[in-house]
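Chemist: Pasting the sequence and the predicted coordinates here, then a few questions.
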Amino acid sequence: MKELLRTTDPTIIAWATVLLQGEGIKTFEFDVHMSILDGSMGILPRRLMVIDRDLFIARAVLADNDIPTGL
């Protein structure tokens, strides 16, 4: 698994997930429960992960849709 995206904005995670699923790329969201424990203050970022072989294509999909990965 490789980290594709890290953000505190749940809408970006949701949008990126939908885009990637449309391309047949499975995504996994990490740190969901940790962000809930912070009291919904949005301090702790969530991570969107993909399988190693899908990383290159996933980055291209996000770049084409102006979603910065920051990695």
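Modeler: In hand now; what should we look at? Residues are numbered from 1 along each chain as shown.
Chemist: Looking at this protein, which helix is longest?
Modeler: In the chain, ranked by residue count with DSSP state H as the criterion, the top helix is helix 10-22.
Chemist: Could you pull up the mean pLDDT of that helix?
Modeler: Across helix 10-22, the average pLDDT comes to 94.
Chemist: Equivalent analysis for stretch 54-65, please.
Modeler: Computed over stretch 54-65, the average pLDDT equals 95.
Chemist: This structure: helices as residue ranges?
Modeler: Counting by DSSP H, residue ranges of the helices within the chain are 10-22, 32-37, 55-64.
Chemist: what's in contact with the last one?
Modeler: Just to be clear, that refers to helix 55-64. When contacts are taken as C-beta atoms under 8 Å, 6 or more residues apart in numbering, the neighbours of helix 55-64 outside the stretch itself are K2, L4, L5, A16, L19, L20, E23, I25, T27, V50, P68, T69. For glycine as for every other residue, the C-beta is placed from the backbone atoms N, C-alpha and C.
Chemist: Throw the helices of the chain into TSV and include distance to R46 and mean neighbour count, thanks.
Modeler: Below are the helices of the chain laid out as TSV (distance: least, C-beta to C-beta, whole Å; neighbours: other C-beta atoms under 10 Å):
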stretch	distance to R46	mean neighbour count
helix 10-22	6	15
helix 32-37	6	12
helix 55-64	15	15
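Chemist: Quick one: those helices as a markdown table, columns for distance to L44 too.
Modeler: Conversion of the helices of the chain to a markdown table gives the following (distance: least, C-beta to C-beta, whole Å):
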| stretch | distance to L44 |
| --- | --- |
| helix 10-22 | 12 |
| helix 32-37 | 5 |
| helix 55-64 | 21 |
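Chemist: Of the ones you listed, which is nearest I43?
Modeler: Set against I43 and scored by C-beta to C-beta, the helices of the chain come closest in helix 32-37, at 8.0 Å.
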